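Student: here is a sequence together with a model predicted from it:
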Amino acid sequence: MKLREVAELLNGELEGEENIEITGVGKIESAVTGEITFISNPLYAKFFPATKASAVIVSDDFLIKKNRDDISILRVEDPYLSFLKLLELFEVDDDTEDTGISEYCHIEPDAEIPEKIYIGHFVSVGKKFISGTNTKIFPNCTIYNDVRIGSNCIINSNVTIYKGCIIGDNVIIHSGTIIGSDGFGFVKSESGQFKKIPQTGIVVIEDNVEIGSNCSIDRATIGETIIRKGVKLDNQIQIAHNVEIGEDTVIAAQVGIAGSTKIGKRCMIGGQSGLVGHINICDDVIIGASVGVSKSIDKPGVYIGYRARPQRESLMTDISIRNLIKLENRIKELENKLSK
């Protein structure tokens, strides 16, 4: 489309040639003529003098240190969100257009399959399965009995969904993820052996959730493991039995959450953090990377450190530790003075 049409779409202010034909989007380092790119993080401003893009999206207050007559500037309130809109417009995924049911898949006769659906090669669908419309299940997935999947979902290759689990609308699950495997429940017998506790619950994933690749979400021992609306999970995350994650919470890669822990709404959890079981995290909590959370958090804020503490308290403790040698030297000096 013409650059002026892009400007109208993004409600932006255009500086430069408005009749440029925009054919796609690109990274500022590698964009070519005809593409549009963006600068949101100031660290990428250094690429502006050399980029080959035809147009650059910047913020309203972005300061251009070197003028370039060969590039048009589009000023918007939020360059990153504006660029995402263009990605959705220009970058069409051909796989999302797939429809129909492969002759090489297996579907139990009592499964309820709508007309508008895609089921790829070698998918196995169990008894009493129910699916909404426009859902796509890619090759090699395994869907156990009594599973329900909503409308407009994308289940990528090699996903396994265990018996009875419920998936809402507009859910994306990436390859290799397992939904509803048994929780880690064992009891030690008198003989010292561990006896398995039956895991009889399910996993419920509400609407508009996205789950990365190779995640494991365990079924509840009794009841439900729940992933609420709008949750976004990165790759390689472990969520144990009976965990509940609140709406619009985001969790980075390699996080582990132990059983029966409840996480509130709009939380952000950094990569490689670990949360013990049976604790509660209130709404609007930010947990830094590699933080061990050993007790409940009841106040919103940022928590960091080997053991999760409020950010200011943790930083003050770190400063105190760094000053221990100086403090020790001062004490020795005072002791010497007193002894004299």
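Tutor: Ah, there it is.
Student: pLDDT value on residue 97, please?
Tutor: The confidence metric pLDDT takes the value 66 at residue 97.
Student: next: residue 314.
Tutor: Model confidence at residue 314 (pLDDT) stands at 82.
Student: show me where the stretch 51-200 of the chain has helices.
Tutor: Secondary structure of the stretch 51-200 of the chain (DSSP state H, counting those that start in this stretch): helices at 79-90.
Student: per-domain residue ranges of the chain.
Tutor: Domain segmentation of the chain under automatic domain parsing yields 3-91, 100-314.
Student: TSV for those, including distance to residue 327?
Tutor: In this view, the C-beta of every residue, glycine as well, is placed from N, C-alpha and C. Shown next, in TSV, are the domains of the chain (distance: least, C-beta to C-beta, whole Å):
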stretch	distance to residue 327
domain 3-91	38
domain 100-314	19
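Student: tabulate these (a markdown table), appending mean neighbour count and distance to residue 331.
Tutor: Formatted as a markdown table, the domains of the chain follow (neighbours: other C-beta atoms under 10 Å; distance: least, C-beta to C-beta, whole Å):
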| stretch | mean neighbour count | distance to residue 331 |
| --- | --- | --- |
| domain 3-91 | 16 | 44 |
| domain 100-314 | 18 | 25 |
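Student: rank these by pLDDT, which is bottom?
Tutor: Looking at the domains of the chain, the bottom one is domain 3-91 with a mean of 91.
Student: how much distance is there from that one to the middle of the chain?
Tutor: 26 Å (C-alpha atoms, centre = their mean, to the nearest Å).
Student: same thing with stretch 292-304?
Tutor: 20 Å.
Student: repeat for stretch 125-132
Tutor: Taking mean C-alpha positions (C-alpha atoms, centre = their mean), stretch 125-132 and its chain are 27 Å apart.
Student: straight-line length of that stretch, end to end?
Tutor: 14 Å (C-alpha to C-alpha, to the nearest Å).
Student: which residues touch it?
Tutor: Contacts to stretch 125-132, defined as C-beta atoms under 8 Å, 6 or more residues apart in numbering, come from residues 105-108, 110-114, 117, 119, 137, 143-153, 163, 169.
Student: need the phi and psi values for the closest residue to residue 91 other than its chain neighbours.
Tutor: Excluding the flanking residues, the one nearest residue 91 by C-beta to C-beta, 6 or more residues apart in numbering is residue 25, at 6.9 Å. The phi/psi pair for residue 25 (degrees, to the nearest 10) reads phi -120, psi 160.
Student: quick one: the helices in the stretch 201-340 of the chain?
Tutor: Counting by DSSP H, counting those that start in this stretch, the stretch 201-340 of the chain has helices at residues 311-322, 324-339.
Student: any chance of these in JSON lines, plus distance to residue 288?
Tutor: Shown next, in JSON lines, are the helices of the stretch 201-340 of the chain (distance: least, C-beta to C-beta, whole Å):
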{"stretch": "helix 311-322", "distance to residue 288": "8"}
{"stretch": "helix 324-339", "distance to residue 288": "23"}
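Student: comparing those helices by mean pLDDT, which bottoms out?
Tutor: Among these, helix 311-322 carries the lowest mean pLDDT (a mean of 85).
Student: helices and strands around that helix, which ones?
Tutor: Judged by 3 or more C-beta pairs under 8 Å, 6 or more residues apart in numbering; DSSP states H and E, helix 311-322 is in contact with strand 301-304.
Student: list the contacts of the strand it packs on.
Tutor: 284-288, 291, 293, 297, 309-311, 314-315.
Student: again, 6 Å this time
Tutor: Residues outside strand 301-304 that contact it (C-beta atoms under 6 Å, 6 or more residues apart in numbering) are 286, 287, 288, 291, 310, 311, 314.
Student: so who does the fourth one touch?
Tutor: By that I understand residue 291. Applying C-beta under 6 Å, 6+ apart, the residues near residue 291 are 273, 304, 308.
Student: thank you kindly, that will do.
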